[in-house]
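1. Next input, structure requested:
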Amino acid sequence: MSLDAVLARIDADLEPAVGRLLELLRIPSISTDPAYAGDCQEAADWLVRDLQALGFDASKRETPGHPMVVAHSEGEGPHILFYGHYDVQPVDPLDLWHTPPFEPALEEIPRGTVIRGRGASDDKGQLMTFVEACRAWKAVHGELPGPITLFFEGEEESGSPSLVPFMKDNAGELTADIALICDTGMFGEETPAIVTRLRGMVREEITVTGPDKDLHSGMYGGIAMNPIRVLTRILGGLHDAEGRVTIPGFYDDIPELSNAQKAEWDDLGFSESEFLGAVGLSVPAGEKGRSGLEMIWSRPTAEINGISGGYTGAGFKTVLPSKAHAKVSFRLVEGQDPVKIDANFRAWFEDQLPEDCSVTFSDPEGAAAGIMDTSHPVFEQARAALSDEWPQDAAYIGCGGSIPIAAYFKDILGMDALLTGFGKDDDALHSPNEKYDLESFHKGIRSWARVLDAVMR
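-> Down below sits the predicted model:
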């Protein structure tokens, strides 16, 4: 069978495939730091050269920020767009790295061999699994799998400021039947996962102001209102004793999970005690009566991400501060409108302000949750293909985080996105000593070959 020949070619060519990945990982394409702008250009150029050599019509597209890489192949079958990003996170704190972050290498750990280096898992290693699957396909068939568009971004780790304008300006070129995104992970060690729901996000920065200057607590303590006291009192009431968020209307319009979805998640065998135990905790803090996976994947959150005010340096300074600050974020689920949630939060906060205090809010940042339409045939084709490659059958799962590109594909280009990836929970994304299992890279390539065979046949 032709698929068997492609899989055999992937196995035989694993060493040079790893070599290509290591070459790309050596380029320090940190998008957030202007000092690395030239390296982001170099990474884009590297990808264009590699894709052109593979037979894609590939080019680098300049933006006000870092460039996009766009490549096309022709052929018969459904038109697929594959998205990834070549930029990486900063490496600080550098002293916590055991090896230089941009001198990637294979390393043996108790579980097996890993590829160690910044970007190994997020997202260069994942991106290259698809490219290498196409390479093996062409080596066996003499041509690329079919009509494929590759879309590689260079600003994902810095907020993607150029992404939406670029997608709108090039919508005709980028629109396909389905988008594939490889920037997620496995469920555990042996279960491949397809993410079908992503939580949205609202972020707010709050400043409460009381007196017009910092005050001596001996002279004014007890008679003057302290903004930190106001801020902590209000934010301390964000949750009730049952773990529910107290903002009016917060849970309006949220659909309940179906019994079938709950049963499927229960079958995954998620252990709340193991999950929390790994970070030194033991008791779930979310809504009572909800499972751990519901709390992470299908229920909204309100979190205080930082508080500051007054004197926080060495020693002691007995002041009543003029201002107190907080950063608050909300993870949103299906049915929640980011604009409505933010407006309700502001009204709830302002209603609790005492006299002599005022509040200002930052410009809000928000995005709605994303729910994938699994009725598209690619979802079941991919699920079966992934199940054939890994020890456990592929699962449809949720994701507690936010991946805005999936919503952009739907809103701007009118197409659904299938998210699957081969990262592991211990890959240390955004942290020192990032790694990608060699097995994840190898079986990831084989997985995409199986998906392409299922979709393009």
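2. Next one, pLDDT for the residue nearest to the spatial centre of the chain please.
-> The centroid of the chain falls nearest to Ile403 when counting by CA atoms, centre = their mean (4.7 Å). pLDDT, Ile403: 84.
3. my guess is it meets Lys410, correct?
-> No - using CB atoms under 8 Å, Ile403 makes no contact with Lys410, being 11.8 Å away. Heads up, the C-betas are built off the backbone N, CA and C, glycines and all.
4. which neighbours do the two share?
-> By CB atoms under 8 Å, 6 or more residues apart in numbering, Ile403 and Lys410 have these common neighbours: Gly370.
5. Name the spans of the stretch 51-200 of the chain whose pLDDT lies under the cut-off.
-> By pLDDT under 70, the stretch 51-200 of the chain contains no weakly predicted segment.
6. all strands for it, in order.
-> Here the stretch 51-200 of the chain has its strands, by DSSP state E, counting those that start in this stretch, at 57-61, 68-73, 80-85, 105-109, 112-116, 148-153, 178-181, 193-198, 200-209.
7. Now render those strands as CSV, adding distance to Gln41 and mean neighbour count.
-> Listed next are those as CSV, based on distance: least, CB to CB, whole Å; neighbours: other CB atoms under 10 Å:
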stretch, distance to Gln41, mean neighbour count
strand 57-61, 8, 16
strand 68-73, 11, 22
strand 80-85, 15, 25
strand 105-109, 25, 12
strand 112-116, 24, 19
strand 148-153, 13, 24
strand 178-181, 24, 22
strand 193-198, 30, 24
strand 200-209, 30, 20
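8. Quick one: residues in contact with stretch 344-353.
-> Under the contact criterion CB under 8 Å, 6+ apart, stretch 344-353 has outside partners 202, 204, 206, 208, 230, 233-234, 237, 246-250, 328, 330, 359, 361.
9. out of the residues you listed, which are inside helices?
-> Val230, Arg233, Ile234 (DSSP state H).
10. for the last one, what are its contacts?
-> Put plainly, it is Ile234. Neighbouring residues of Ile234 by CB under 8 Å, 6+ apart: Phe349, Gln352, Leu353.
11. The first one too?
-> For Val230, the contacting residues are Val208, Gly210, Ala324, Leu353, Pro354, Cys357, by CB under 8 Å, 6+ apart.
12. that older thread, nearest residue to the residue nearest to the centre of the chain other than its sequence neighbours?
-> Computed as CB to CB, 6 or more residues apart in numbering, the closest residue to Ile403 that is not its neighbour in sequence is Leu198, at 5.4 Å.
13. any idea how far the one you found lies from Pro321?
-> Leu198 sits 38 Å away from Pro321, going by CB to CB, to the nearest Å.
14. now swap in Ala136 and tell me
-> Where Pro321 is concerned, Ala136 sits at a distance of 62 Å (CB to CB).
15. Helices of the stretch 251-400 of the chain, start to end?
-> Secondary structure of the stretch 251-400 of the chain (DSSP state H, counting those that start in this stretch): helices at 259-266, 272-277, 292-297, 338-351, 377-389.
16. Let me have the ones you listed in TSV, adding mean neighbour count, mean pLDDT and distance to Ile445 as columns.
-> Shown next, in TSV, are the helices of the stretch 251-400 of the chain (neighbours: other CB atoms under 10 Å; pLDDT from 0 to 100; distance: least, CB to CB, whole Å):
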stretch	mean neighbour count	mean pLDDT	distance to Ile445
helix 259-266	13	92	28
helix 272-277	13	94	29
helix 292-297	20	96	28
helix 338-351	16	97	37
helix 377-389	19	97	10
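17. Distance to Asp426 added to the ones you listed, as CSV?
-> Formatted as CSV, the helices of the stretch 251-400 of the chain follow (distance: least, CB to CB, whole Å):
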stretch, distance to Asp426
helix 259-266, 22
helix 272-277, 13
helix 292-297, 18
helix 338-351, 32
helix 377-389, 21
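18. Can you say which of those is nearest to Leu174?
-> Leu174 sits nearest to helix 377-389 of all the helices of the stretch 251-400 of the chain, at 17.2 Å, using CB to CB.
19. Using CSV, list the CA coordinates for that closest one.
-> Output of helix 377-389 as CSV, limited to C-alpha atoms (Å, rounded to 0.1, in the frame of the first residue of the first chain):
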residue,chain,number,x,y,z
PRO,A,377,-15.8,14.8,7.6
VAL,A,378,-12.1,15.7,8.3
PHE,A,379,-12.7,15.4,12.0
GLU,A,380,-13.7,11.7,11.9
GLN,A,381,-11.1,11.0,9.2
ALA,A,382,-8.4,12.5,11.4
ARG,A,383,-9.6,10.8,14.5
ALA,A,384,-9.4,7.4,12.9
ALA,A,385,-6.0,8.1,11.3
LEU,A,386,-4.6,9.3,14.7
SER,A,387,-6.0,6.2,16.4
ASP,A,388,-4.2,4.0,14.0
GLU,A,389,-0.9,5.5,14.9
